[in-house]
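# Task: produce atomic coordinates for the following.
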Amino acid sequence: MAELSVHQVLDKVRQFLRLDKMPATVRKGVVIVVGGICIVAGLFMVVFPGPAFVFIPLGFVILASEFKWAERWADKMVQLIQAGRKKFRDFKHRRRRRAA
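The predicted structure is shown next:
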């Protein structure tokens, strides 16, 4: 599976939310509300049961579609997720080789 850059992820988010078709002020408002809700929900899920590791990065990716500061955070999170996926794949391959 190909690794996606943050800009490719942001393009997919913009297309999914249809942000390109909205006026700028409405678009920023929608992004702030939706991204903020995802981050706050993720923070609650850190304490209570739930997939916080999905919601917090998702909130930053949504916010990154309009704000540079969130884009830097989203880039770091995407890199961490990709590094974790690579580590997990390497672990699976090592385990298969040992079992064979």
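# Let me see the confidence value for Ser5.
Note for Ser5: predicted pLDDT of 67.
# swap in Lys87?
So Lys87 comes in at 92 (pLDDT).
# In this protein, where is pLDDT below threshold?
Within the chain, the segments meeting pLDDT under 70 span 1-6, 100.
# pull the longest helix from this structure.
helix 68-99 (DSSP state H).
# Against Val31, how distant is Pro23?
Noted for Pro23: a distance of 13 Å to Val31, by C-beta to C-beta, to the nearest Å. In this view, the C-beta of every residue, glycine as well, is placed from N, C-alpha and C.
# Between those two, tell me which one has more neighbours.
Val31 (22 against 8; other C-beta atoms under 10 Å).
# Tell me how far the residue lying closest to that one once chain neighbours are set aside lies from Ile81.
Nearest residue to Val31, sequence neighbours excluded (C-beta to C-beta, 6 or more residues apart in numbering): Glu66, at 4.5 Å. Per C-beta to C-beta, Glu66 is found 21 Å from Ile81.
# and the two? which has more neighbours close in?
Counted by other C-beta under 10 Å, Glu66 and Ile81 do not tie: Glu66 has more neighbours, with 19 against 13.
# what's near enough to touch the more buried one?
Leu19, Arg27, Lys28, Val31, Ile32 (C-beta atoms under 8 Å, 6 or more residues apart in numbering).
# can I assume the fourth one is in contact with Ser65?
Yes: using C-beta atoms under 8 Å, Val31 is in contact with Ser65, at 5.9 Å.
# intersection of neighbour lists for these two?
With contacts taken as C-beta under 8 Å, 6+ apart, Val31 and Ser65 have Leu19 as neighbours in common.
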